[in-house]
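Undergrad: Starting from these lines, generate the structure:
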Amino acid sequence: MSDKPVTRRLFFALWPDDATRVRIARLARELPRKRGRPMVSENLHATLAFVGNVSESAASCLETRAAKVPLAPFDLQLDRTGCFSRAGVMWLGAGQIPSALERMVRDLNIALAPCGYAPDPKPFHLHITLFRKARPSPETPEAVEPIPWRVEGFSLIESVSIRGGVRYHSVRDYTN
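TA: Numbering: from 1, shown residues only. Here you go, the predicted model:
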């Protein structure tokens with residue numbers, strides 16, 4: 001019998017609606033296959049705050065505190081692909097980050113602090129991972145046909161290990 005405490009692997013993310021998810025997946029399929037191992041389309045998201053493994057009580061705190069984040073819908077244009085060469089990740093992102101998104105990330109980080117969450121010290125970089133184990137590509141982002149995305153809120157996502165990888169599912173959606 002294991003005395004290991006039960007934890008959940010959580011993060012907060014922009015979780016695309018079905019139509020946006022289909023457009024992102026289509027763009028990924030149109031890119032050269034040599035780019036790496038494609039993400040499962042159901043897992044496509046843009047991380048706002050990665051929490052990691054937490055206890056049930058911490059998860060409850062995070063879920064409650066995130067509900068305090070003020071929400072203002074905004075439009076996002078996904079119009080750039082790039083690569084984090086060291087991490088082997090090819091991503092889709094935005095050339096312009098709306099101020100409402102910057103506020104959302106800032107307010108979320110502040111709201112989660114009482115639960116013991118410490119934000120990543122690196123500056124926020126909006127991206128949706130398209131491929132993992134991507135072969136080296138130019139670090140300079142390349143323009144792609146824009147994918148419009150009306151963002152109405154964010155989600156608390158749980159990462160669940162399954163045979164052959166992980167699946168992400170929304171625990172709670174935060175919208176107006």
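
Undergrad: Next one: the residue lying closest to Thr175 once chain neighbours are set aside from Thr64, what distance?
TA: With C-beta to C-beta, 6 or more residues apart in numbering as the criterion, Thr175 has its nearest non-adjacent residue at 3.4 Å, and that residue is Gly153. Quick note: C-beta positions are derived from backbone N, CA and C, even for glycine. Relative to Thr64, Gly153 is positioned 16 Å away (C-beta to C-beta, to the nearest Å).

Undergrad: can you check Ala134 too?
TA: If you measure Ala134 against Thr64 using C-beta to C-beta, the figure is 37 Å.

Undergrad: what do you get for Phe11?
TA: As judged by C-beta to C-beta, Phe11 and Thr64 stand 17 Å apart.

Undergrad: repeat for Glu102
TA: 24 Å.

Undergrad: what's the pLDDT at the residue nearest to Thr175?
TA: Gly153 is assigned a predicted lDDT (pLDDT) of 97.

Undergrad: tally of neighbours for it?
TA: 15 (other C-beta atoms under 10 Å).

Undergrad: One more: Ile97?
TA: 15.

Undergrad: So Arg29 belongs to a helix, correct?
TA: Yes: assigned with DSSP: H, G, I helix; E, B strand; the rest coil, Arg29 falls within a helix.

Undergrad: What sits closest to it if chain neighbours are left out?
TA: In space, not counting the residues next to it along the chain, Arg29 is nearest to Pro38; the distance is 7.7 Å by C-beta to C-beta, 6+ apart.

Undergrad: Check the offset of the worst-scoring helix or strand of the chain on mean pLDDT from the chain's centre.
TA: Taking mean pLDDT, DSSP states H and E as the measure, strand 37-38 is the helix or strand of the chain with the lowest mean score, a mean of 86. In terms of C-alpha atoms, centre = their mean, to the nearest Å, the gap separating the centre of strand 37-38 from the centre of its chain is 16 Å.

Undergrad: Contacts for the following helix or strand past that strand next, please.
TA: Of the helices and strands lying after strand 37-38 in sequence (DSSP states H and E), the nearest is strand 46-54. Strand 46-54 is contacted by residues 7-14, 62, 104-105, 108-109, 112, 117, 119-120, 124, 126-128, 154 when judged by C-beta atoms under 8 Å, 6 or more residues apart in numbering.
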